[in-house]
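Asker: please work out how this folds:
(2 chains)
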Amino acid sequence: MELLDNIALGLETALSFRTLLFCFVGVTIGTFVGVLPGIGALAAISLALPITHHFDPTSALIMLAGIFYGTMYGGSTAAILLNLPGSITSAVTCLDGFPMARNGRAGVALFLTAIASFIGSSFAIVVVMGFAPVVAAFAVQFSSYEYFAIMLMGLVASSSLSSGSPMKGIAMVIAGVAIGMIGTDVTSGQYRFTFGLSGLSDGVNLVAIAMGLFGIGEILANVGRKRDDQAANPVTLRSMMPERDDWNRVWKPAARGSVLGTSIGVLPGVGATLSSFMSYIVEKKLSREPQRFGNGAVEGIVAPEAANNAATQSGFIPTLTLGIPGDAVMALMLGAMMLHGIVPGPRFLVEYPDMFWGLVMSFWVGNLLLLVLNIPLIGLWVRMLSIPYHILYPMILVFVCVGVYSARNNVFDIYVALFFGLVGYVLQAFRYPAAPLLLGFVLGPGMEEYLRRALLLSRGDFWAFMERPVSATLLVASALMLLLALRPLVKVLIKRRRAAVPG
Amino acid sequence: MSSPHPSSGANGAASAPPRQTPVTASLNRGEIVVAVCFFLLGGALIAIASGYSIGSLRRMGPGYFPLVLGGLLCAVAVALLVEVLRSRNPAPPLPWRPFTMVSLGILCFAFLIERLGMVPAVIALVILSALGDRTLGPLAIGAIALVMSVVSVLLFITALGIPLAAFKG
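Answerer: Residues are numbered from 1 along each chain as shown, chains lettered A, B, ... in the order given. Predicted structure coming up:
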């Protein structure tokens, strides 16, 4: 019965005109950004962050969330039509989506990814509704030990499970935590690493760092790069209808993708990107005809799209109930809430039930809107794909600069954003992932705080972490992940030794 | 993410990583410079943090955590160096023109926004940054500058109420 009351409360918020409007704006921006290659969810949310700062927190959160899951729908469009992932999470969709388009089945692919996205989201939203209160109730007993352990695991997972070299991810996470220490030390009140600059006394601004890394950095990476301007063929509604054979192939992969995505999304530190890769691999392994994959298998687009949407939605569970974001986008979400003075955590559900349930119910509204935006209105987005980047990027830069300035009415932050843009470009060019840096930046201060508090309570005894079951499990899990990540490095060392011996 | 299966047919961003030929390890100067920078960052953390009060494990001072972090970063940087010495990644391109023009545009924007107001700052930003890519003609750049000035004044000053003037004399 309590659930029904909560649903009613949520619907009251989610169906008010104001919220509907923000939800609609959010998912529309999300689809737009998702469709366009070269700007992703991170850039869009950092761009919207200073703007939503002026709204009430519920509307702000609903709109930002809408942008986030909206990009998951939009991302597949460019992947299918142009073989360019509109956002990283849909990179896998290229593998079978583009061959489908070449076989003249682009419409079917777009239709099925929209349906799969909806299935994934719906499953995950149900899980959020059922489990978030349970997790929150359980987490009320958590103390500094558990929080430190969860945060550490989130950072380890985000750095070591990201694509590419885990060492690079770890270096970025540590750098992020270090940047997070700039400013006033909470415990002693002392300024740290401010270099005498008054602009740094409150720390580096989240908006500036995110806009720098993901706004300016991505623009630098894309401007001047020669693109072969392929034109996407127009898609008609009639061409979107799948055949009977397609329907039969869709349900099971969509269901598996939903479950896998939801479970991966709940884990701290691993986000939607990993879930889509994983579910592709799973489908290929399970398939009786694995040779169809890569040549336009519907299973290969349906499962990853269901998974990344599911992971996106279920990622709200750790973010809202523990205050621990699963990935960099969620870290921004968390930052947005903190800018509004709301600290997510186990008490969030009790203190702001209207906000939590309003947000969750707005997911339903948003996903229904997205279904409309992505099936009947798909032609509109396909046409968007022909906007050239050289017209788009000066416009994005204006939003970046004005946005960064407006967050604190502070010119210094613009310089900070430029700095992170340049550094971010160079680092990403050398395949250092930027997302762990942002996650470290957001989680770092809390981690130090909890570590200090925990060691104060335990009188400097580290074993206290291992005496508590939850923190012990999480720490062991983190250690295992680290070992797994370091395996390639060890292999390199062994190989080098072996290289001396021929054979 | 590396899948054990070679992905057939597609050449998207997600296709299997190129097989490394373990014949000769070529030095990639850029990679080494970046790894050394991380080492220096770790060293700087240690150097600065040791100026703060360290405290004890039981009662950590503001210097404790950064000190540990700096040590970790140095260790990771050494591991990176080991890894990087064997990598054969090609050096990434440094697109000078967009780099300079976009940076100049942002710097000008920051310099002008409180001195001359929103509109001149936006116009300077659009013109300079658009020059980073040679495709646009002056007319198109002017049009974008005009549209963006109007949009940013309406959105940020009128609708969101940021305390900024459109023009400042």
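
Asker: quick check: which element contains residue 68?
Answerer: Let's take chain A. Using DSSP states H and E, residue A:68 maps to helix A:57-82.

Asker: try again with chain B
Answerer: Using DSSP H and E, residue B:68 falls in helix B:64-85.

Asker: is chain A within reach of the helix or strand just after that helix?
Answerer: As assigned by DSSP H and E, the chain's next helix or strand after helix B:64-85 is helix B:96-112. Yes: counting by Cβ under 8 Å from any Cβ of the partner chain, chain A is contacted by helix B:96-112 at B:97-99, B:102-103, B:105-107, B:109-110. For every residue, glycine as well, the C-beta is placed using N, CA and C.

Asker: outline the domain layout of chain B.
Answerer: Following automatic domain parsing, one finds the domains of chain B at B:29-85, B:96-159.

Asker: in JSON lines, list those domains along with mean neighbour count, mean pLDDT and distance to residue A:370.
Answerer: Putting those into JSON lines (neighbours: other Cβ atoms under 10 Å in any protein chain shown; pLDDT from 0 to 100; distance: least, Cβ to Cβ, whole Å) gives the following:
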{"stretch": "domain B:29-85", "mean neighbour count": "18", "mean pLDDT": "91", "distance to residue A:370": "40"}
{"stretch": "domain B:96-159", "mean neighbour count": "19", "mean pLDDT": "92", "distance to residue A:370": "24"}
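
Asker: just checking, what packs against the helix or strand just after the helix holding residue A:68?
Answerer: For helix A:57-82, the following helix or strand on the C-terminal side (DSSP H and E) is helix A:93-102. Here helix A:93-102 touches helix A:57-82, helix A:106-139, helix A:299-314, going by 3 or more Cβ pairs under 8 Å, 6 or more residues apart in numbering or on different chains; DSSP states H and E.

Asker: tilt between the first one and helix A:106-139?
Answerer: By that I understand helix A:57-82. 150 degrees (axes from the mean of the first three to the mean of the last three Cα atoms, to 10 degrees).

Asker: can you give the distance of helix A:57-82 from its chain's centre?
Answerer: 10 Å (Cα atoms, centre = their mean, to the nearest Å).

Asker: now the angle from it to helix A:93-102?
Answerer: 50 degrees.

Asker: looking at the domains of chain B, which is nearest to residue A:114?
Answerer: For these, distance to residue A:114 was read as Cβ to Cβ. The smallest value, 30.2 Å, belongs to domain B:96-159.

Asker: distance between that closest one and the chain's centre?
Answerer: 20 Å.

Asker: now swap in stretch A:333-348 and tell me
Answerer: Using Cα atoms, centre = their mean, the offset of stretch A:333-348 from its chain centre is 17 Å.

Asker: and that stretch, what's buried?
Answerer: Residues of stretch A:333-348 classed as buried by neighbour count (16 or more other Cβ atoms under 10 Å in any protein chain shown): A:333-337, A:339-340, A:342, A:344-346, A:348.

Asker: return the member of those residues nearest to residue A:4.
Answerer: residue A:348 (20.8 Å).

Asker: which residue is the nearest non-sequential neighbour of the closest one?
Answerer: residue A:320 (5.8 Å; Cβ to Cβ, 6 or more residues apart in numbering or on different chains).
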